[in-house]
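1. below: sequence and its predicted model.
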Number of protein chains: 2
Amino acid sequence: MTTLTAKQREIRGRERRILNVATAMVRDGGSMAIRMDAIAKQLGVTRGTIYNHFPHREDIVLSLADRAIRRRIELFQFAASLSVGSRDQIATVGLACEVYVDEMPDDFAVEQMIRHDNVWQKCSEARRENLRQCEANCMSSLSHIIDRAIRQGDLSLPRRQSPVDVLFGLWSLTYGGMMIELSSPSLAELGIRDSRETIRRNCNAMLDGLDWRPRYDADAYRRLVRRVRRKLVAKAGQIVASEADDSHSLDSGANPSFSSAEPN
Amino acid sequence: MTTLTAKQREIRGRERRILNVATAMVRDGGSMAIRMDAIAKQLGVTRGTIYNHFPHREDIVLSLADRAIRRRIELFQFAASLSVGSRDQIATVGLACEVYVDEMPDDFAVEQMIRHDNVWQKCSEARRENLRQCEANCMSSLSHIIDRAIRQGDLSLPRRQSPVDVLFGLWSLTYGGMMIELSSPSLAELGIRDSRETIRRNCNAMLDGLDWRPRYDADAYRRLVRRVRRKLVAKAGQIVASEADDSHSLDSGANPSFSSAEPN
DNA sequence: GGCAATTTTTGACGAAATGTCAAATTTGAC
DNA sequence: GTCAAATTTGACATTTCGTCAAAAATTGCC
């Protein structure tokens, strides 16, 4: 009984540990920096064992992406629950984006990676479909906010413009802005002092342009930020912590003989 | 004389040919798909010769990026020259973005690559600074349009919002939108029928939100599109053609502003 | 506890692909 | 035609990948 549980837990825990180690590698070198060899060494096993969990490097990356998207959706849904007015709700989700990028930077990086690297093509259709589903869920849950805004009379879209179009705009503006912020060497030199503030202002300008009520009010907005930011950060921390490595709770001392057995 | 010229031209032409071959590889496999061996084989030389031009793969990618940005800037400047009204001007540059993505898709892909891959870190500071400069030039030339809009009374920004902030917004919206369009598997399924149209509408909504005059007018906008699109496409074609692999048209505008390989 | 069946791990292997460099070849000037 | 300089070559040492049969460990059963 004891042995069984120990082994099974070890294997299950390993998958999570692989992902965590891989995350660290991705952080400072992109998806190609994931070295199966190095992962194995850090876990105290050999490469073959890693391939026992993931058929290839790309699959690790897509697993990371899966985890990242699930975390993000959880954060977004929490965000949407924090406000009542439709415009406040959508603004809170926007803030959740910021918190996501700040508090889970690796997840954000991974999400970008699967979009641009050739990782996507190399993975099984099942995994890709899975990610597509996540994306679609996220979109639809957010577009409900916009639907509600229309139903309640806060927003009335011009002909030919659908709620998803608005969502796409906010997505572009926020996502694009963050992306530029992270990848453009010196935004400050170009004249952008506070890119986050700028993104928010631009989002609000867009919503004002669509005449989404109530109109942008700097003070009200600032109050909203103050009210929800702390909660969002806390939630993010909680989400991340739930899958972190507990060094003492698992098998740290289980196989001490491994460390002395260095090949060659 | 003949011999000398022949050899020298061969070497100079080879650099361009390497870039063109590499572009094709990047197109369907990302930057890692550039295979030095395959490039050499296609040019009828051996790998060593390739390394004679570029110290490593990453340097090829950054050269591609350099070319891409120069092309984009040329297209943007042409675009800005096509209209007079400040809002029309900025809209025309927006259209130029679309044309860039459509007519020079490889260049767009490469520009994204250097942002997300670890290519950036692996290259010499000189190359990086060069790209930064290009970026800054592009920004400043565009922000002049906004300066002019303010000077002429078409636009008056709220306190604390600078012209560059607006530019950053348009950049985010357009770049982000294109990015999502290209990398999100099935935007149509999410409800976005025509992402280009949506991006334009959202840009206009943002500018309306900032109260940039004249306000958005669907008909006027459509006329603008009809007027400039064809010219932009033609210009793009011309830009691309000037560096294509034509064995007979070596002489044209090709003025290689930087000579090759520096060790880092 | 002991043994057989099953699962997991190992590490050697073959296949790319990279970047280097001394030697061979080509070029161009006299 | 000769020779110095420039250019090209291809073998070398490395790194990393993913596979797989054999070894080791674990589990189930008596």
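-> Cool, got the structure. Numbering: from 1, shown residues only, chains lettered A, B, ... in the order given.

2. how about the residues of the stretch 1-150 of chain A that lie near DNA strand C?
-> Neighbours of DNA strand C within the stretch 1-150 of chain A, by C-beta under 7 Å from any atom of the strand: A:7, A:10-11, A:14, A:45-49, A:52. Every residue, glycine included, has its C-beta placed from N, CA and C.

3. the same query, at a cut-off of 6 Å, please.
-> Residues of the stretch 1-150 of chain A lying close to DNA strand C (C-beta under 6 Å from any atom of the strand) are A:11, A:45-49, A:52.

4. buried ones among those residues?
-> Neighbour-count burial (16 or more other C-beta atoms under 10 Å in any protein chain shown) is assigned, among these, to A:45, A:49.

5. low pLDDT regions in the stretch 1-150 of chain A?
-> Where the stretch 1-150 of chain A drops to pLDDT under 70, the residues are A:1-5.

6. in it, what residue spans correspond to helices?
-> Per DSSP state H, counting those that start in this stretch, the stretch 1-150 of chain A carries helices over the ranges A:2-27, A:36-43, A:47-53, A:57-80, A:86-103, A:105-116, A:119-122, A:125-151.

7. name the nearest residue to the residue in the stretch 101-250 of chain A that chain B sits nearest to, ignoring sequence neighbours.
-> Proximity of the stretch 101-250 of chain A to chain B (C-beta to the nearest C-beta) peaks at residue A:176, 1.9 Å away. Once flanking residues are discounted, residue A:176 sits nearest to residue B:176: 1.9 Å by C-beta to C-beta, 6 or more residues apart in numbering or on different chains.

8. let's test this: mean pLDDT of the helix or strand containing that neighbour, rounded?
-> Taking DSSP states H and E as the criterion, residue B:176 maps to helix B:163-183. Mean pLDDT, helix B:163-183: 95.

9. quick one on the thing from earlier: including distance to DNA strand D, could the helices of the stretch 1-150 of chain A go into TSV?
-> Below are the helices of the stretch 1-150 of chain A laid out as TSV (distance: least, C-beta to the nearest atom of the strand, whole Å):
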stretch	distance to DNA strand D
helix A:2-27	3
helix A:36-43	4
helix A:47-53	4
helix A:57-80	4
helix A:86-103	27
helix A:105-116	15
helix A:119-122	8
helix A:125-151	15
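
10. now for those helices, which one comes closest to residue B:92?
-> helix A:105-116 (28.1 Å; C-beta to C-beta).

11. what's that closest one packed up against?
-> Judged by 3 or more C-beta pairs under 8 Å, 6 or more residues apart in numbering or on different chains; DSSP states H and E, helix A:105-116 is in contact with helix A:2-27, helix A:57-80, helix A:86-103, helix B:105-116, helix B:163-183.

12. let's see that with 6 Å instead.
-> helix A:57-80, helix B:105-116 (3 or more C-beta pairs under 6 Å, 6 or more residues apart in numbering or on different chains; DSSP states H and E).

13. what's next to the last one, contact-wise?
-> With C-beta atoms under 6 Å, 6 or more residues apart in numbering or on different chains as the test, helix B:105-116 has contacts from A:112, A:116, A:183, B:23, B:27, B:31, B:64-65, B:68, B:71, B:101, B:120.

14. please redo it, this time with the cut-off set to 7 Å
-> A:112-113, A:116, A:183, B:23, B:26-27, B:30-31, B:61-62, B:64-65, B:68-69, B:71-72, B:100-101, B:119-120 (C-beta atoms under 7 Å, 6 or more residues apart in numbering or on different chains).

15. ok, now the first one?
-> In this structure, residues lying in contact with helix A:57-80 by C-beta under 7 Å, 6+ apart are A:18-19, A:22-23, A:26, A:31, A:34, A:36, A:54, A:89, A:92-93, A:95-96, A:99-100, A:104, A:107, A:110-111, A:113-114, A:119, A:122-123, A:127, A:130-131, A:134, A:137-138, A:141-142, A:145, A:232, A:235-236, A:239.

16. quick one: it to chain centroid distance?
-> Distance of helix A:57-80 from the chain centroid (C-alpha atoms, centre = their mean, to the nearest Å) equals 5 Å.

17. try stretch A:179-192
-> Distance, stretch centre to chain centre, for stretch A:179-192: 21 Å (C-alpha atoms, centre = their mean).

18. thought the residue nearest to residue A:176 was touching residue A:175?
-> Yes: if you go by C-beta atoms under 7 Å, residue B:176 and residue A:175 touch, sitting 5.0 Å apart.

19. can you pull out the helices in the stretch 151-264 of chain A?
-> Assigned by DSSP H, counting those that start in this stretch, the helices in the stretch 151-264 of chain A fall at A:163-183, A:187-190, A:195-209, A:218-241, A:257-260.

20. I'd like those helices as TSV, with mean neighbour count appended.
-> Formatted as TSV, the helices of the stretch 151-264 of chain A follow (neighbours: other C-beta atoms under 10 Å in any protein chain shown):
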stretch	mean neighbour count
helix A:163-183	23
helix A:187-190	16
helix A:195-209	22
helix A:218-241	15
helix A:257-260	8
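
21. want to throw those into a markdown table with distance to residue B:212?
-> Shown next, in a markdown table, are these (distance: least, C-beta to C-beta, whole Å):
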| stretch | distance to residue B:212 |
| --- | --- |
| helix A:163-183 | 16 |
| helix A:187-190 | 20 |
| helix A:195-209 | 10 |
| helix A:218-241 | 20 |
| helix A:257-260 | 65 |
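
22. now render those as a markdown table, adding distance to DNA strand D.
-> A markdown table is the format used below for these (distance: least, C-beta to the nearest atom of the strand, whole Å):
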| stretch | distance to DNA strand D |
| --- | --- |
| helix A:163-183 | 24 |
| helix A:187-190 | 33 |
| helix A:195-209 | 34 |
| helix A:218-241 | 26 |
| helix A:257-260 | 8 |
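
23. which of these sits closest to residue B:187?
-> helix A:163-183 (7.9 Å).

24. which non-adjacent residue is nearest residue A:132?
-> Nearest-residue entry for residue A:132: residue B:185, 5.3 Å, with adjacent residues in sequence omitted and distances by C-beta to C-beta, 6+ apart.

25. okay, the one you found and residue B:196: tell me how far apart.
-> For residue B:185, the distance to residue B:196 (C-beta to C-beta, to the nearest Å) stands at 18 Å.

26. so residue A:47 makes contact with residue A:39?
-> No: using C-beta under 7 Å, residue A:47 is not in contact with residue A:39; the gap is 8.3 Å.

27. before we move on, the earlier item: buried among the contacts of helix A:57-80? Make that a PyMOL selection.
-> Here is the PyMOL command that picks out the buried ones among the contacts of helix A:57-80, judged by 16+ other C-beta under 10 Å:
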select buried, chain A and resi 18+19+22+23+26+31+34+36+54+89+92+93+95+96+99+100+104+107+110+111+113+114+119+123+127+130+131+134+138+142+145+232+235+236+239
